[in-house]
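1. Structure for the following, please:
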Amino acid sequence: MSTRILGISGSLRQKSLNTALLRAAGKLMSAEATLDAATLHGIPLYDGDVEEREGVPTSVLELNHRIAASDGLLLVTPEYNNSMPGVFKNAIDWLSRPSPDAAPIFKGRPVAVIGASPGGFGTILSQNAWLPVLRTLGVRHWAEGRLMVSRAGKVFDDQGELVDEATREQLRKFLDGFAAFAASSAAGE
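-> Sure, this is the predicted structure:
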């Protein structure tokens, strides 16, 4: 059986470098794994009053079910103001809420974080900002590999295709390692 990874781009931009990185990841998965790509479009700002009145929004429940059906979660994060994007953190906040309609999806789930940035430091500060959140959620963070694509405007062409061979090879190795980690977690190792 194939290892199923769900990747989420933390950007809403149509020409996002991180969405391009997620698409490239989907093309580079090994034959033993698949990657399903998700976006954050349609997820409203978290509001406890709305949650109490109306419950968890359908867009959040749909994403919850997709995560629950996966063996691992790949967060593809931009870096905004030296941290994670608010829209991405907001989605995770919604997804972490207890609900009778949604399975608890984070505790013990294999998670990896990658990102792309036009700057020279990649997404190191954003990835570091995710660490306390991931610890709080109780995920199994895969930290054996790290992928921070810097100067990403030169790594992708105008159509968002990954054109840098060194980055392609780094991404392939990262995905192979994470897929193996997720598969071993799914097998109970």
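
2. and the gap between the closest residue in space to Lys27 that isn't next to it in sequence and Arg4?
-> Distance criterion C-beta to C-beta, 6 or more residues apart in numbering; nearest residue to Lys27, sequence neighbours excluded, is Leu162 at 8.0 Å. (C-beta placed from N, C-alpha, C; glycine too.) Between Leu162 and Arg4 the distance is 22 Å, computed by C-beta to C-beta, to the nearest Å.

3. Give the buried residues for stretch 162-174.
-> Buried residues in stretch 162-174, counted by 16 or more other C-beta atoms under 10 Å: Leu162, Asp164, Thr167, Gln170, Leu171, Arg172, Phe174.

4. Confirm the fifth one sits in a strand?
-> No: with DSSP: H, G, I helix; E, B strand; the rest coil as the criterion, Leu171 is assigned helix and is not in a strand.

5. Figure out the helix or strand that the residue sitting furthest away from the middle of the chain lives in.
-> In the chain, the greatest distance from the average C-alpha position (C-alpha atoms, centre = their mean) is reached by Arg53, at 29.2 Å. Following DSSP states H and E, one finds Arg53 within helix 48-54.

6. Just the CA atoms of the following helix or strand past that helix, as PDB, please.
-> Next helix or strand after helix 48-54 toward the C-terminus (DSSP H and E): helix 58-68. Taking Å, rounded to 0.1, in the frame of the first residue of the first chain, the C-alpha atoms of helix 58-68 are listed here in PDB:
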ATOM      1  CA  THR A  58     -17.400  22.800   6.400                       C
ATOM      2  CA  SER A  59     -14.000  23.900   4.800                       C
ATOM      3  CA  VAL A  60     -12.200  23.000   8.100                       C
ATOM      4  CA  LEU A  61     -14.000  19.600   8.400                       C
ATOM      5  CA  GLU A  62     -13.100  18.700   4.800                       C
ATOM      6  CA  LEU A  63      -9.400  19.500   5.400                       C
ATOM      7  CA  ASN A  64      -9.600  17.600   8.700                       C
ATOM      8  CA  HIS A  65     -10.900  14.500   6.900                       C
ATOM      9  CA  ARG A  66      -8.200  14.700   4.300                       C
ATOM     10  CA  ILE A  67      -5.500  14.900   7.000                       C
ATOM     11  CA  ALA A  68      -7.100  12.000   8.900                       C
END
